[in-house]
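Colleague: Sequence plus the predicted model coming up.
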Amino acid sequence: MRLLVLIFVAMLTACSGSLFGPPELNGTVYSEPRETPEFTLQSAAGGPVTAEDYRGKVVPIYFGYTFCPDVCPTTMANLARVQREVDDDGDEIQVLMITVDPQRDEAQVVQDYVASFHPTFIGLSGTEAQIATATEPFGVFYQAAAGSSATDYLVDHTARVFVLDKSGALRVTYAYDTPVEDIIADMRVLVEE
Amino acid sequence: MKPCRLLLAVFPILLAGGCDGGSAGNVTVESAWARPSPQGAPTTAFYMTIGNNTGQEDALQEVRIDNCEAVEIHRTSMDEGGVMRMAPVPGGQIVVPAGERVTLEPGGLHLMCIGLAQPFTEGQEVPLTAVFAVSGDISATAEIRDSR
C-alpha cells in the first residue's frame, strides 16, 4: 500500500510539470535564459535607447531595412496583426524594428516606415558601430550585397523575429515562415506572465 | 452511311474542343497584388500567378508599372540559418513551362518595384504590362491590399 502511495505521488509530481507548469510556446525557446541584450540605439524621438527602456513589456524585435520590398514588409505586416489582435493599445507589447541599413535609414526614416504598419511600433537606427553591437546578442547576420544600377545595393540579413519577455530576457525566436497564429498564441502567454 | 455522317459531324466539334484545352490557350497573369506602401518606402513588391495554357514554354522577361522607376524580377531565398538573400533571378526571367503555373508570392519570386513616384494606397488598382518572350505584352491590373 505504501508503495502504491509512493508511486502515485511520484506520478503526480512528474505530471505536474505539464499539467500545471507554464504553457509551452510555439516559437524556438532559448534553452538557457539569456540576459537582456545590451545595445544603445537612436530613436526618432531623440536620445539614446536601450533594451532596458522596454522592460515590463513583451518586445518582439525585427532587424530589417526600409529598402527591402518583400520579407521585411511581410514580417512587419504580420507583427501588426499580432499587435492588433493581442494588444492594440500597445500597453503590453512593444514591437521594435532595428535597421541593418543605417546608411539609408536614419531613425526618422525607420520610424515613419514602421508607424505605417502600427502606430505603436518603434523604429531604431544608429551608427554602423551601434548597429553592429546591437546585432551581436541576437546572433543576427547582415551584409550588404551588390545590386543593380536601380537598387545600388541590397542587404542580406537574418529574417527572424526575436522576443524579449517582460523581464527583458531574450526568450523566444521565430523563423520567417512561422504562422502568425502561432506567434499570436505565444504573445498571449507572454503578456500574462 | 449514317454512322459515317455522324462522325463527320462530330469530328470538327472534337477538334475545336481539343484545341481550346491545349495548344490554342494563352498565357495569363492572374491575382496580381501588392501591399500599400509604408510611409517613405522607396520600394515595394508585386505578386501574381502566371498561367501558361499554351503548348510551348514561355518566359516573363519584363514588367512595366508606371509608378515604378524600375521593376526587377527577384527571388528571395532563405538559408538554414534564417538569413534572407534577395537577388535578380538567373537570366533575368521567369520560365513558365507549357501547361504549368508559377506563383510569385511573399518570401519567394516577386517583382521588385524601385523608385516609387507616389506611394501605393489601399484599394488602388494598378495597371501593369507583363512582357513575355513568346506571348508578348499582356496587360493586367494589380490590386493594392493589405495581404492575402
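Modeller: Right, received. Where do you want to start? Numbers count the residues shown, from 1 in each chain, chains lettered A, B, ... in the order given.

Colleague: What's the local residue count around residue 116?
Modeller: Using chain A. A total of 21 residues lie near residue A:116 under the criterion other C-beta atoms under 10 Å in any protein chain shown. Where C-beta positions appear, they are placed from N, C-alpha and C, glycine not excepted.

Colleague: actually chain B
Modeller: 17.

Colleague: Could you list the low-confidence segments of the chain?
Modeller: Since no chain was named, I'll use chain A. The model of chain A has pLDDT under 70 over residues A:1-22.

Colleague: Sorry, I should have been clearer: chain B.
Modeller: Checking chain B against pLDDT under 70 turns up B:1-24, B:147-148.

Colleague: in it, which spans are strands?
Modeller: All strands of chain B, identified by DSSP state E, fall at B:24-34, B:43-54, B:58-65, B:68-78, B:83-88, B:94-96, B:101-104, B:109-116, B:125-132, B:136-144.

Colleague: Contact distance from chain B - what residues of chain A qualify?
Modeller: A:66-71, A:73-74, A:76-77, A:109, A:112-117, A:141, A:145, A:148, A:150-151, A:154, A:156-160, A:175-177 (C-beta under 8 Å from any C-beta of the partner chain).

Colleague: Return the members of the residues you listed classed as buried.
Modeller: Among the residues of chain A next to chain B, the ones that count as buried by 16 or more other C-beta atoms under 10 Å in any protein chain shown are A:66-71, A:73-74, A:76-77, A:109, A:112-117, A:141, A:151, A:154, A:156-160, A:176.

Colleague: distance of residue A:46 from chain B?
Modeller: Distance of residue A:46 to chain B, computed by C-beta to the nearest C-beta, to the nearest Å: 18 Å.

Colleague: Would you mind listing what in chain B touches chain A?
Modeller: Chain B comes close to chain A at residues B:35-45, B:69-70, B:72, B:74, B:76, B:78, B:81-88, B:106-107, B:110, B:112-115, B:146-147, as judged by C-beta under 8 Å from any C-beta.

Colleague: Filter the residues you listed down to the buried ones, ChimeraX style.
Modeller: Of the residues of chain B next to chain A, the buried ones go into a single ChimeraX selection, burial set by 16+ other C-beta under 10 Å:
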select /B:35,36,37,38,40,41,42,43,44,45,72,74,76,78,82,83,84,85,86,87,88,106,107,110,112,113,114
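
Colleague: Count the residues that sit near residue A:28.
Modeller: Residue A:28 has 14 nearby residues by other C-beta under 10 Å.
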